[in-house]
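Asks: return a 3D structure for these sequence lines:
(3 chains)
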Amino acid sequence: MNVFIEALVIFLLLAGSGFLMVGSIGLARLPDFFTRLHAPTKASTLGIGGVLIASSLYFSVELPGLSVKELVITLFLFITAPITAHMMSKAAMHHQRKPIERTRNMDLMKPARRRKAPVDNQNPKSS
Amino acid sequence: MLKIIVLVSCTFVGVALLLNLWRLIKGPSVLDRILALDTMYINSIALIVLLGLFLGNPLYFEGALLIAMLGFVSTAALCKYLLRGDLIE
Amino acid sequence: MTRFLPHPLLSLVLLVVWLLLNNTIAAGHILLGGILALVIPLLTTPLQKNHPPLRRPLLAVKYLFVLMWDIILSNIEVAIQVMGPLRKLTPGFIAVPLDMTADLPITLLASSISLTPGTVSVEVSKDHQWLYVHVLNLKNEAETIQSIKQRYEKPLKEIFAC
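Replies: Model prediction:
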């Protein structure tokens, strides 16, 4: 295998698994549910993308013919990750999960749960 | 060289899975557990792809694709259940 | 034309995904994928709502590349924040006023926000005027809202011309 391609595969593998680990560390470490939601939706999605593209590259070079099935999985995960995040935050709103004390603008949670406009004096758009 | 790197990546993903398991057991609420389960799905996809790389066999992607789809559907179904208390309306 | 091919883009995407899944460009698979790409949109047309048409496809491609770059940058940023000291983090909610009302652009905007710098979209108000966003490290509220509107909402508005 070409040295350059091997180096690229190694870089993508290490970066991808590193991001996966960072996402899981965030999941274990962050203080409340809403902040925990950030780490897996972003870091894990990019991490799995890196690993899948590395494997796509490797099999395209090693075996005859292109290997593009990984790209479908990557695309699928990138489309579904925000949707699961949105559904989970919706469920958290519905169950009135309390964020940690130092969260700013906590009063916005009430109109968000009822899906109403926030009561905001400075903004002329609110009603 | 590549095999060693794949093993190192497997270690990273394994640590990630253990951290997810810790969050899954500790909770504190149902939603945290669902989130941990969702992340576990993603990490296990990575583990299967790495296994395919290690063995040099591209057949493992079928499994990865299946896990990706089942993971999304199960997370969506669980969240829907928490939102409505009912799955099929 | 519109009767037999109600959603040309959807048909094209279905055909491409079918070929990618089978990892081939053999004539038989193109035929089978073509039949599926014609039949599935016809069967699912009653389920779909009317979406605003894609007006500027080139800008959409550019938007995708900008989004990918932002995803990579935001991940490095979030990784640093997650690994660093957590006491300094100030999470917060913001309400972003929306200038568009159609479903598809708002969905795309919410997804882009969820994938990029330290923000997760939480909820849309019923009248489609406000988008509630949770920010991992909220420093300057007005600046965050302005950057979301500048960077993601403006190109989406131009792409869909609404």
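Asks: stretch C:81-98 near chain A anywhere?
Replies: Yes. If you take Cβ under 8 Å from any Cβ of the partner chain as the test, stretch C:81-98 does meet chain A, through C:82, C:83, C:86, C:89, C:90, C:91, C:92, C:93, C:94, C:95, C:97. Just so you know, the C-beta spots here come from the backbone N, C-alpha and C atoms, and that holds for glycine as well.
Asks: which among those count as buried?
Replies: Among the residues of stretch C:81-98 next to chain A, those classed as buried by neighbour count (16 or more other Cβ atoms under 10 Å in any protein chain shown) are C:82, C:89, C:91, C:92, C:93, C:94, C:95, C:97.
Asks: where does the prediction get shaky in the chain?
Replies: Looking at chain A here, since you left the chain open. A:1, A:120-127 (pLDDT under 70).
Asks: wrong one, chain C
Replies: Checking chain C against pLDDT under 70 turns up C:1-4, C:117, C:162.
Asks: before we move on, back to that, between all of the residues of stretch C:81-98 next to chain A, which two are separated the most?
Replies: C:83 and C:97 (33.8 Å; Cβ to Cβ).
Asks: tell me the buried residues in the helix or strand hosting residue C:114?
Replies: For residue C:114, the host element (DSSP states H and E) is helix C:103-115. Within helix C:103-115, the residues that qualify as buried are C:104, C:105, C:106, C:107, C:108, C:109, C:110, C:111, C:112, C:113, C:114, C:115, counting by 16+ other Cβ under 10 Å.
Asks: return the distance of the longest helix belonging to chain C from the chain's centre.
Replies: Longest helix in chain C by number of residues, with DSSP state H as the criterion: helix C:57-83. Relative to its chain's centre, helix C:57-83 lies at 12 Å (Cα atoms, centre = their mean, to the nearest Å).
Asks: would you mark the buried spots in it?
Replies: C:60, C:63, C:67, C:70, C:71, C:74, C:75, C:77, C:78, C:79, C:81, C:82.
Asks: mind putting these into CSV with distance to residue A:93?
Replies: Formatted as CSV, the buried residues of helix C:57-83 follow (distance: Cβ to Cβ, whole Å):
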residue, distance to residue A:93
C:60, 31
C:63, 29
C:67, 26
C:70, 26
C:71, 25
C:74, 23
C:75, 25
C:77, 25
C:78, 22
C:79, 27
C:81, 23
C:82, 23
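Asks: so does the longest helix of chain C get close to chain B?
Replies: No. With Cβ under 8 Å from any Cβ as the criterion, chain B is not reached by helix C:57-83; the gap is at least 11.9 Å.
Asks: looking at it, residue A:94 is touching residue B:85, isn't it?
Replies: No. Taking contacts as Cβ atoms under 8 Å, residue A:94 lies outside contact range of residue B:85: 10.2 Å.
Asks: the longest helix of chain C vs helix C:103-115, what angle?
Replies: 30 degrees (axes from the mean of the first three to the mean of the last three Cα atoms, to 10 degrees).
Asks: for helix C:57-83, name the packing helices and strands.
Replies: helix A:3-29, helix A:38-39, helix A:45-62, helix C:103-115, helix C:154-160 (3 or more Cβ pairs under 8 Å, 6 or more residues apart in numbering or on different chains; DSSP states H and E).
Asks: out of those, which comes closest to residue A:83?
Replies: So among the helices and strands packed on helix C:57-83, helix C:103-115 is nearest, using Cβ to Cβ, at 7.3 Å.
Asks: what helix or strand is the residue of chain C found nearest chain B located in?
Replies: In chain C, the residue that lies nearest chain B is residue C:21 (8.0 Å; Cβ to the nearest Cβ). Per DSSP H and E, residue C:21 falls inside helix C:8-22.
Asks: does that helix come close to chain A?
Replies: Yes. Counting by Cβ under 8 Å from any Cβ, contacts between helix C:8-22 and chain A involve C:17, C:20, C:21.
Asks: residues touching residue A:32, list them.
Replies: A:97, A:98, A:99, A:100, A:103, C:91 (Cβ atoms under 8 Å, 6 or more residues apart in numbering or on different chains).
Asks: surely residue C:86 is in a helix?
Replies: No. Applying DSSP: H, G, I helix; E, B strand; the rest coil, one finds residue C:86 to be coil, outside a helix.
Asks: residue contacts, it?
Replies: Contacts for residue C:86 (Cβ under 8 Å, 6+ apart) come out as A:29, A:30, A:31.
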